[in-house]
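Novice: Provide a 3D model corresponding to the input given below.
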Amino acid sequence: MAASAKIDGQENPVSSSASIDGQDKVIATAQQIIKSLATDKSAAEDMLRILSGFDNRFSSINHLFPSSTSDAAADRVLIQEVDDDDDDHHPHHEGADHHGQHHLIEEEEDELSEIEIRLEEAERLISRWDSDSLLFESSADDRFDYLSAVDDAITIAADVSAPSDVRSKAEVLIQIAMARLEDEFRHLMIRNTSPLDAAGLHGSMRRTDSCENNEQAEEDLDDNSADNDDSSSSSHHHHQRQESTSIDEKTCRLSISEEQREIDLIHPEAVADLREIAERMIAAEYHKELCQVYSSVRRDTLDECLSVLGVDRMSIEEVQKIEWKILDDKMRKWIQALRVVVKVLLSGERRLCETIFALSEELIDECFTESSKGCVMQLLNFGDAIAIGRRSSEKLFRILDMYDVLLEVMPELKELFGSDFIIVEADDILVRLGEAVRGTINEFANAVQKETSRRALPSGDIHPLTRYVMNYVKLLVEYSGSLDSLLDDGDFDGNDDADSDESRSPLGCRLRLLISYLESNLEEKMKLYEDAALQFIFLMNNRLYIIQKVKGSDLGKFLGENWVRKRRGQIRQYHNSYLRASWTRALSFLKDDGMSGGGSGSGSGSGSIGGASRVTVKDRFKNFNLAFEEIYRTQTTWKVPDPQLREELRLSTSEKIIPAYRSFMGRFGNLLETARHANKYIKYTPEDLESHLLELFEGTTALSNHPRRKLSS
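Specialist: Now for the predicted structure:
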C-alpha cells in the first residue's frame, strides 16, 4: 500500500509497507499537534521548531501552517487536509479504528511524557537548593523558578490521573521543598522582626488630661509623711508614700494613641515573601509545620517584648513573697504592659497572621492563638497572683488600676481570641480582682476603725490619719464607675444626709461610712489631750480639713450638701466650746463680782472706787495677767493651719477679751495710777493684748514671744 506526503512541493512515494506504521504515527502526531495549536500561529510555529528537534520529519510540514492559521476557515482546511491524507492511507473501516486506538494511546503517552518532563525539571530546580544557601537571599528569578517548581510538584502530586509512581516521586520532592521552605520561613521571620525597645513600645502611649487635674492629690499624699511626727503611725507613713506612687497610673492614666496602634512587627518587604512560602505550604497541606515554625518564632518575640516592658515570668508563689515596694513597681509595669500588649502588639500580631495566612481562616486563628497565648497567660497569671494575695490598704489603687485596665481591654481580647479558654480565664481573673477590691476596702475600713496610736500631736494639728484617710477616699472617687459596680450598697446605714443620686450610690454610702469611722476615731484621739481647749482646736482642725477635701473634689457630690452643712455646724460648736474652755477663767477676773461692797467715796485717798478696794483691783489685774500669759505661752505653740479659721479664732477671742479688759481698766485702772509699781499690775494696754492675740495658733515653740519679755524690752 502506497502513501504519499507533500515535501518541498514534491510527491515522495514510500515504497515499502513496513514503513507505513512509522509514517502513520508521524502523521497522527502532527494531526494532534495541529488540532491543538492551529488557533495560535506564533505558538504553532514555536512548537514546530521544538518538535523538529526531536524528529526532522516535522520540519517538512511547514505547508500545514498557512499565514492565516488563526482563521477558523484555514483551520478547517488544514485539519481536513490531514484527515483526507489519513483516509487515503487507511481506506478500510477496521484500519481506521485500529489507527484511532493508536492515536489515543499516543495522546496518553504524550501527556505522561509531559508530566515526567515537568517533574524532572521540578526535581532539578528543587534539588539545586538542597544546600546551606538561602533561596530568599538569591535573585528574584531564582525564587520564581523554585516556587514554580514547587507549584508543579504540588499539582502533579494532586493529579489522580497520574501514575502512582509519578505522584510518589512528586510527594518526595514536596517533602524536600517543604523542609527548605520551612527553614526559609523561619530565617525570614527572625531576620526581619522589627526591633522593639521600651521607648518604642511606650511611645504608643500618651498622658491624658486627667494628670493635671490630680497633681494636687499626689502632693497631698506626699505631704502626709512630712507632717506625721507620731512614731506609732509609721505604718501610715508607709501607706502614704506608696499611695502617692499609685496616682501616676490611675489619675495620669496612659492610653494608646490611635495613630500609634499600627506598628510593623515584621519588616513589610519580608511579609510578601512569607506569604509566598505560606501559600505553598498550605497548598501542600503542611499546616501543622507552618503553624509550628510561625508560633515558635513569634512566641519568643512576644516574650521578649514583655521583658522589655518590665514584666518578668514569675510563679504565683514568687509574686506573693515580694516586698511591697518591689511589687508596687511590678504592678505599675503590668498595668502599662497589658494595655500595650493587647492594643498594640496583639492587634498587630492578628493583622500579621491575616496577611501571611490569608488562604486559611483556620490557620489564621490557630497561628495567632499559638503565638500569643503564652504572652497573655503570663500577664493573666500575675493578675491572678495579685487577686488572691494578701489584702492590705496600700494595694487598693494598684488593684483598681489592674481591674480597670483588664476591663478596658476585654472587648479587644474577645475580638482577638473569640471564645478561647483565654477569655474564660481573663473573665475569672477580672471577677477575682473585683473581689480583691471589695476585700481591700473592707480591710481599709477596719484599719481606720482600729488605728490606736496613743501619742497626741502637741500642737493639735491635723492628724496624719485624717490626711491619709481623706486623700485615700478622695482617690476612690476617681474610680467611681468601677466601684459603683463592685460595691454592694445593701450593707450600709446612715443615708440620712443623702441628698443626691451620687450620695445614695454604693460608693456614696461607702464614703460616708469610711469618714464616719475616721470621725469616731478622731473623737477618741481628742481625749488624749488634757487641755479641753486644745481638744476643740484639734477637732476643728481635723473636721475642717475633712470638709475642705470634700468641697475641693468630687467627694462633695457623693456626700451631699446636707452632710457638709452638718459638719460646718459642728465646727461652730467646737469654736464656741474652745472660747469657753480657754478664756472663761481669764474673763472672770475682769468682772465686777465681789468688788462692789464695803467701800465708800472715790479716788486714791479712800483706796477704793465704787466699793472696790485697791487690793482687790491689784489682785484682779495680777490674776488676769497670769492667766493671759499662761494662755499665750501655751496657745502660741498650738497650730491652726487654715488661715481663715486661725483668723476667725483670733477675732472671736479679741471680741471677748479686749472689750472686757478695756471696760475693767476704765473703771478700776485709776485706782492704781498713784500706787507704787503700777505697771506691775497694769502691764498691758488693750492694744498690747490685741497684738499678742494675733500671735496665737502659729505652732511656734520659741520663748521670744513671751509678753513679759516684750514689755520689758
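Novice: From here on, just use CA atoms for contacts and neighbour counts.
Specialist: Noted.
Novice: Could you chop the chain up by domain?
Specialist: With domains defined by automatic domain parsing, the chain comprises 18-111, 112-192, 201-208+253-450, 209-252+456-580, 589-712.
Novice: So what's the model's average confidence on the longest one?
Specialist: Spelled out, it's domain 201-208+253-450. Mean per-residue pLDDT for domain 201-208+253-450: 89.
Novice: which residues touch stretch 422-432?
Specialist: Residues outside stretch 422-432 that contact it (CA atoms under 8 Å, 6 or more residues apart in numbering) are 373, 376-377, 380, 383-384, 387-388, 403, 406-407, 410, 413-414, 417.
Novice: repeat that with 10 Å
Specialist: Stretch 422-432 has contacts (CA atoms under 10 Å, 6 or more residues apart in numbering) with 369, 373-374, 376-377, 379-388, 402-407, 410-411, 413-417, 421, 433-438, 486.
Novice: Make a PyMOL selection of the buried ones in those.
Specialist: A single PyMOL command selects the buried members of those (16 or more other CA atoms under 10 Å):
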select buried, resi 369+373+374+376+379+380+381+382+383+384+385+386+387+402+403+404+405+406+407+410+413+416+417+433+434+436+437+438+486
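Novice: Out of the contacts of stretch 422-432, list just those in strands.
Specialist: Judged by DSSP state E, strands contain none of these.
Novice: show me what contacts Arg191?
Specialist: Going by CA under 10 Å, 6+ apart, Arg191 touches 266-267, 270.
Novice: could you redo the residues you listed as CSV and give each row neighbour count?
Specialist: Shown next, in CSV, are the contacts of Arg191 (neighbours: other CA atoms under 10 Å):
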residue, neighbour count
Ile266, 19
His267, 16
Ala270, 16
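Novice: Pick the one among those closest to Leu649.
Specialist: Nearest to Leu649 among those is Ile266, at 70.8 Å by CA to CA.
Novice: what about the closest one, distance to Gln175?
Specialist: Distance of Ile266 to Gln175, computed by CA to CA, to the nearest Å: 27 Å.
Novice: Can you verify Arg143 is assigned to a helix?
Specialist: Yes: looking at Arg143 with DSSP: H, G, I helix; E, B strand; the rest coil, it is inside a helix.
Novice: need the contact list for it.
Specialist: By CA under 10 Å, 6+ apart, Arg143 lies in contact with 134-137, 149, 273.
Novice: Can I get those residues in a markdown table including neighbour count, distance to Ile326 and secondary structure?
Specialist: Below are these laid out as a markdown table (neighbours: other CA atoms under 10 Å; distance: CA to CA, whole Å; DSSP: H, G, I helix; E, B strand; the rest coil):
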| residue | neighbour count | distance to Ile326 | secondary structure |
| --- | --- | --- | --- |
| Leu134 | 16 | 47 | coil |
| Leu135 | 20 | 49 | helix |
| Phe136 | 17 | 47 | helix |
| Glu137 | 11 | 47 | helix |
| Ala149 | 24 | 58 | helix |
| Asp273 | 18 | 45 | helix |
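Novice: what two of these have the greatest distance between them?
Specialist: Distance extremes for the contacts of Arg143: the farthest pair is Glu137 and Ala149 at 17.8 Å, using CA to CA.
Novice: For stretch 541-548, give me every contacting residue.
Specialist: Outside stretch 541-548, the residues that reach it (CA under 10 Å, 6+ apart) are 460-467, 469-471, 515, 518-519, 522, 536-540, 550-552, 555-556, 563-565, 567-568, 570-571, 574, 639-642, 645-646.
Novice: how would you label Asp461: helix, strand or coil?
Specialist: coil.
Novice: thinking it is in contact with Phe538, fair?
Specialist: Yes: in this structure, Asp461 is within contact of Phe538 by CA atoms under 10 Å, at 6.1 Å.
Novice: buried sites along the strand or helix carrying Asn442?
Specialist: Taking DSSP states H and E as the criterion, the element that holds Asn442 is helix 421-450. By neighbour count with 16+ other CA under 10 Å, helix 421-450 contains the buried residues 422-423, 426, 429-434, 436-445, 448-449.
Novice: With stretch 475-488 instead?
Specialist: 475-480, 482-484, 486-487.
Novice: so where's the stretch 51-200 of the chain shaky on pLDDT?
Specialist: In the predicted model, the stretch 51-200 of the chain carries pLDDT under 70 at residues 51-112, 130-131, 196-200.
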